[in-house]
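In: coordinates only, no sequence provided:
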């Protein structure tokens, strides 16, 4: 009798095991977990895509700087705005664009700013290493870059998200001192 009950329990357990195979609840795959440690992988997806970031800086620059005009920037009047972008995770994101003179700049320093300069500097966050490059200024979403496992060819391939950063222009035409171009998510977001 006990032998039959043991066999019956073994069959029921086997049937339940086959009906409900083991699944990962926290990580959908071990490859994604491994890839997240690679340099250049995004640690969060609550960041703007390259397209959203570009739309943001083009809007900022065209709203605050007329195309054929020059804006005189001094230490006391930073140009700063927060724009609402859509993050890669499809949620709203408050993103800051700021142009200012550095703290080391002489008190009476002035800097001439144009719309083209604005667009060029914010574009530099993605296209140059001025804001840190891959892993600092921007990152690649796991599983989308290089060989799709995130192992090779991360830079500029796959879904690129912008982390932000600061680009510094030193003593350019029409000014002296340092001009800072900063972009980032709002600290309280």
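Out: Okay, I see it. Please read all numbers here as calculations on a predicted model, not as lab measurements. Residues are numbered from 1 along each chain as shown.
In: partner strands of the lengthiest strand in the chain, with direction?
Out: The single longest strand within the chain, with elements called by DSSP state E, is strand 92-101. Strand pairing for strand 92-101, using DSSP bridges, gives strand 79-86 (antiparallel), strand 178-185 (antiparallel).
In: that one - what's its average pLDDT?
Out: What strand 92-101 shows for mean pLDDT is 94.
In: buried residues in that strand?
Out: 93, 95-101 (16 or more other CB atoms under 10 Å). From N, CA and C alone the C-beta is placed, and that goes for glycine too.
In: on that earlier part again, please identify the most buried of the strands paired with strand 92-101.
Out: Across the strands paired with strand 92-101, averaging neighbours per residue (mean count of other CB atoms under 10 Å) puts strand 178-185 on top, at a mean of 21.
In: and it, what's its mean pLDDT?
Out: The model assigns strand 178-185 a mean pLDDT of 88.
In: run through who's touching it.
Out: 46-47, 53, 57, 73, 93-102, 104-105, 111, 113, 118, 121-122, 124-125, 131, 162-172 (CB atoms under 8 Å, 6 or more residues apart in numbering).
In: could you list which of these belong to helices?
Out: 53, 57, 118, 121-122, 124-125 (DSSP state H).
In: highest neighbour count among the residues you listed?
Out: residue 125 (27 neighbours; other CB atoms under 10 Å).
In: ok, that one touching residue 137?
Out: Yes: using CB atoms under 8 Å, residue 125 makes contact with residue 137 at a distance of 4.9 Å.
In: common neighbours of these two, please.
Out: Common neighbours of residue 125 and residue 137, counting by CB under 8 Å, 6+ apart, are 131, 162, 164-165.
In: next, format these as a markdown table and append distance to residue 78 and neighbour count.
Out: Shown next, in a markdown table, are the shared contacts of residue 125 and residue 137 (distance: CB to CB, whole Å; neighbours: other CB atoms under 10 Å):
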| residue | distance to residue 78 | neighbour count |
| --- | --- | --- |
| 131 | 18 | 24 |
| 162 | 21 | 28 |
| 164 | 16 | 20 |
| 165 | 17 | 19 |
